[in-house]
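Q: mind looking at a prediction? Sequence and model below.
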Amino acid sequence: MDVSIIIVNYNVQHFLEQALQSVFRSICDIKYEVILIDNHSVDGSILMVRDRFPQVIVIENSNNPGFSKANNQGIKIAKGKYLLLLNPDTILEEGTLQTCFDFMEGKATCGALTVKMIDGSGKYLPESKRGFPTPWAAFSKMSGLSRLFPKSLYFNHYYLGHLDENTTAEVEVLPGAFMWIRREALEKVGLLDEQFFMYGEDIDLSYRINQAGFSNYYLPTTTIIHFKGESTKKGSFNYVKHFYLAMIIFAQKHFKGRKASIYIWLINVAIYLRALVSITVQSFRKIFLPVLDFSFIWVGLTYAHRWWLSTLDPPIIAPATQSYWPSISIYAAIWVLAMYINGAYDRLNDFRKLITSLVIGTLIVSTFFSIFYNPMLTSRFFVLWGFLLALLSSLVTRILYNFITQRKFSLILTNTKKIIIVGKQEAAQRILSLLQKVNLPFQLLGIINSDKPTHYTLDQSLRILGSKDTIKDILEIEKPNEIIFCLDSMSSHEIIDLMVDLGDRIHFKMASEDSISIIGSHSKNTPGELYTLDIQFDIMDPTQRRFKFLLDLCVSLLTLMMLPIFMLVHNPLSILKNIFFVSFRQSTWVGYERMLSSSKNISLPKILPSVMSEWKVSGLDGSFITEMNFNYAKEYSVWRDLETWFKGFKFLGSKPK
């Protein structure tokens, strides 16, 4: 066996599918095996691999032991002269395996190598070649000096900025996304260090290979695409924390004395600074629009109220009106809260949700008036004016928000994608069918034929624009914002060349033969994007989740009020315990019945442990558990929870599971 390709997968089924297809499309004269280690994925990855790629050797873990340990599992059973550690969110060129094999065969001192990587937008990924993270290199990266002087060895040693990205060179650190290792070198330095759970193991292994007398090489004569997987979003605090903690482990292991202390101090400072920035930015993004709406509504109501009071006989003027500010604040908050709960902030272009939210808010405000009677605040004019003001301010704030975030003075930002498909006509027809089924707002501009130049219409919905030889001219005329490549109609090498050539002004996605998904990513800092025929679960909708939590709170209050009655059927202490846990979002009243072992491959969205389930109150036998859980997630509504709660009084004290 020449090469053992080892892939560790965790919940990236559709990216894994494309990665495996790119491996098996390789044009090479070498013998290779593919070993997949799955870290307890729940997205159906294993079923897909066993169905579509039966030649793959599969190791299925019952938990997630981490990237290093999983790779070691594969290495221990690998038979190849060389080992390739490969990420599941990559696509290889047809000649990548042969190019790497030939280079290693001709360079006995090479212990490991990597290749040139680009992201889903065609941009070169600087992590393709890196230097060891010395204290100065780490400081330059964290402080931004490496960005100011990207070509400097001194300031950008972390990414070896002085080395040309298109020149073969010795480097210090290889990326874990693609690491081709000589078995002799690995046997000399040992397996991956399992202290590193997710990040840093590639730096540690590269360092040990270098210390053992072997060289690490960067080989840009072949290129791969590296999308961003779903497990950790690059740029998020979670990513930064895990990455920097891995750097601390590296420093403690390989640096000594003052050097290690300085390095660890720098990293700890970076973690806290990044945490502060991350929390601030995320909080600002979440509250910016609601705060803006609240401010507009409050100011408008205040001035409207002052004007209205001035019309009374005798007129009431400021500062006496200040006594009504708390009430006005409550009313403004009610309208904003109604918009938030009903999902008006989740879908800014959904005006039906906006109007519905404001109507609900107005009804609540009117109810509030009737309960807390105040002659100064019960005018129907005031309530109607409040509704109109809330509507007007919501429209204005959305225009401002769109201008700030998108630089467009527009009330509605169109999400319609202008798409061109590059591939053969049959493949393009299949992709068009997939796009229509996933309910994606798009406009198909046409297809660029990958096999021969034609300019006739295939049907009314599929216009032939020309051949791939004239793709640049076509793009200049049609101005699409997304291109979908058919992998079974074009080689990966051709696609990568086009991506690099066209730049990042267009989004790129890939689809392969018989796949039910289209994958892509617009940058290294964004998670992989996906169009798929996977089932959409209503319980994942943010609005439904908020309604579920509100219902849990209401049911908890109702259960507490009726506790003397429920004491007759259950232990009151266990019911009180459940009320406490549900109120603090540690569990939910209604949810799934725990899956049987025979159903472990059925993937459902995660929810909190539940006190009861539809199956439990139904009295049906265990064969219905899987089906009822599935239907509950797919067609969820708060009314299902309410109905189950009314039927399940005797289970109110059950232990959540």
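A: Thanks, I have the structure now.
Q: next, give phi and psi for the nearest residue to V3 once chain neighbours are set aside.
A: Excluding its sequence neighbours, the residue lying closest to V3 (C-beta to C-beta, 6 or more residues apart in numbering) is Y32, at 4.2 Å. For the C-beta atoms, the positions are set from N, CA and C on the backbone; glycine is no exception. Dihedral pair for Y32: phi -140, psi 160, per degrees, to the nearest 10.
Q: burial check on S62, number of neighbours?
A: Residues lying near S62 (other C-beta atoms under 10 Å) number 8.
Q: so it, which state does it fall into?
A: coil (DSSP: H, G, I helix; E, B strand; the rest coil).
Q: how about it, what does it touch?
A: H40 (C-beta atoms under 8 Å, 6 or more residues apart in numbering).
Q: over to V34?
A: Counted by C-beta under 8 Å, 6+ apart, V34 has contacts I5, I7, L20, V23, F24, F53, Q55, V56, I57.
Q: did I read that right, the first one in a strand?
A: To tie it back to what came earlier, the one meant is I5. Yes - secondary structure of I5 (three-state DSSP): part of a strand.
Q: was I right about it contacting K31?
A: No - using C-beta atoms under 8 Å, I5 is not in contact with K31; the gap is 11.4 Å.
Q: more neighbours: those two, which one.
A: I5 (25 against 11).
Q: please name the bridge partners of the more buried one.
A: I5 forms beta bridges with V34, L84, as assigned by DSSP bridges.
Q: against R463, how distant is it?
A: To R463, I5 is 40 Å away according to C-beta to C-beta, to the nearest Å.
Q: do the same with F178
A: From F178 to R463 the distance is 38 Å (C-beta to C-beta).
Q: show me the shaky parts of the stretch 301-450 of the chain.
A: 308-309, 311-324, 368-381, 405-415, 438-439, 450 (pLDDT under 70).
Q: tell me where it has strands.
A: 417-422, 442-449 (DSSP state E, counting those that start in this stretch).
Q: from these, which stretch is densest packed?
A: Among the strands of the stretch 301-450 of the chain, strand 417-422 has the highest mean neighbour count (mean count of other C-beta atoms under 10 Å), at a mean of 23.
Q: out of F178 and R463, which sits in the busier spot?
A: F178 (25 against 16).
Q: wouldn't that one be in contact with P88 here?
A: No - with contact defined as C-beta under 8 Å, F178 does not reach P88; the gap is 11.7 Å.
Q: what packs against the strand or helix carrying N631?
A: Counting by DSSP states H and E, the element that carries N631 is helix 625-634. Here helix 625-634 touches strand 610-613, helix 614-618, going by 3 or more C-beta pairs under 8 Å, 6 or more residues apart in numbering; DSSP states H and E.
Q: and that helix, how far from the chain's centre?
A: Here helix 625-634 is found 25 Å from its chain centre; the criterion is C-alpha atoms, centre = their mean, to the nearest Å.
Q: so what are the sheet partners of the top strand by length along the chain and their directions?
A: Scanning the chain for the longest strand, with DSSP state E as the assignment, gives strand 215-226. Sheet neighbours of strand 215-226, with direction, are listed as strand 90-91 (antiparallel), strand 110-118 (parallel), strand 169-171 (antiparallel) (DSSP bridges).
Q: mean confidence score for that strand?
A: For strand 215-226, mean pLDDT rounds to 95.
Q: same check, this time on stretch 115-132
A: 89.
Q: identify each buried residue in it, please.
A: 115-132 (16 or more other C-beta atoms under 10 Å).
Q: what are the C-alpha coordinates of it, in CSV please?
A: The C-alpha trace of stretch 115-132 is given here as CSV (Å, rounded to 0.1, in the frame of the first residue of the first chain):
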residue,chain,number,x,y,z
VAL,A,115,0.1,21.7,-0.6
LYS,A,116,-1.3,25.1,-1.6
MET,A,117,-4.8,25.7,-0.2
ILE,A,118,-7.5,28.1,-1.3
ASP,A,119,-10.8,28.9,0.5
GLY,A,120,-14.3,28.6,-1.1
SER,A,121,-13.9,32.0,-2.7
GLY,A,122,-10.6,31.2,-4.5
LYS,A,123,-8.4,33.1,-2.1
TYR,A,124,-5.0,31.7,-1.0
LEU,A,125,-5.0,30.5,2.6
PRO,A,126,-1.9,31.8,4.4
GLU,A,127,-2.0,28.9,6.8
SER,A,128,-0.8,26.7,3.9
LYS,A,129,2.7,27.5,5.2
ARG,A,130,3.6,28.6,8.7
GLY,A,131,6.4,29.2,11.1
PHE,A,132,6.8,28.0,14.6
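Q: picking that back up, got JSON lines for the strands of the stretch 301-450 of the chain, with distance to K141 too?
A: Shown next, in JSON lines, are these (distance: least, C-beta to C-beta, whole Å):
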{"stretch": "strand 417-422", "distance to K141": "35"}
{"stretch": "strand 442-449", "distance to K141": "39"}
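Q: to E614, which of those lies closest?
A: E614 sits nearest to strand 442-449 of all those, at 36.6 Å, using C-beta to C-beta.
Q: beyond the least confident helix or strand in the chain by mean pLDDT, next helix or strand please.
A: In the chain, no helix or strand scores lower on mean pLDDT, DSSP states H and E than strand 457-459, which sits at a mean of 51. Scanning forward in sequence from strand 457-459 by DSSP H and E, the next helix or strand is strand 462-467.
Q: starting at the chain centroid, how far to the following helix or strand past that next one?
A: With elements assigned by DSSP H and E, the helix or strand that comes after strand 462-467 is helix 471-478. Offset of helix 471-478 from its chain centre (C-alpha atoms, centre = their mean): 31 Å.
Q: can I get the strands paired with strand 215-226 in TSV with distance to S295?
A: Below are the strands paired with strand 215-226 laid out as TSV (distance: least, C-beta to C-beta, whole Å):
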stretch	distance to S295
strand 90-91	47
strand 110-118	44
strand 169-171	53
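Q: quick one: closest of these to L292.
A: Of these, nearest to L292 by C-beta to C-beta is strand 110-118, at 38.7 Å.
Q: figure out how far the closest one is from the centre of its chain.
A: 27 Å.
Q: next helix or strand past it?
A: By DSSP H and E, the next helix or strand past strand 110-118 is helix 135-143.
Q: residues of that next one that come out buried?
A: Buried-residue list, helix 135-143, by 16+ other C-beta under 10 Å: P135, W136, A137, A138, F139, S140, K141, M142.
Q: buried residues in the helix or strand that comes right after it?
A: Downstream of helix 135-143, the first helix or strand assigned by DSSP H and E is helix 145-148. Burial within helix 145-148, assessed by neighbour count using 16+ other C-beta under 10 Å, is assigned to L145, S146.
Q: follow-up on the earlier one: redo the helices and strands packed on helix 625-634 as TSV? Include mean neighbour count.
A: Converted to TSV, the helices and strands packed on helix 625-634 look like this (neighbours: other C-beta atoms under 10 Å):
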stretch	mean neighbour count
strand 610-613	25
helix 614-618	19
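Q: to T416, which of the ones you listed lies closest?
A: Closest among those, using C-beta to C-beta: helix 614-618, at 38.4 Å.
Q: mean pLDDT lowest for which of the helices and strands packed on helix 625-634?
A: Taking the mean pLDDT of these, helix 614-618 comes last: a mean of 88.
Q: kind regards, and thank you for your time.
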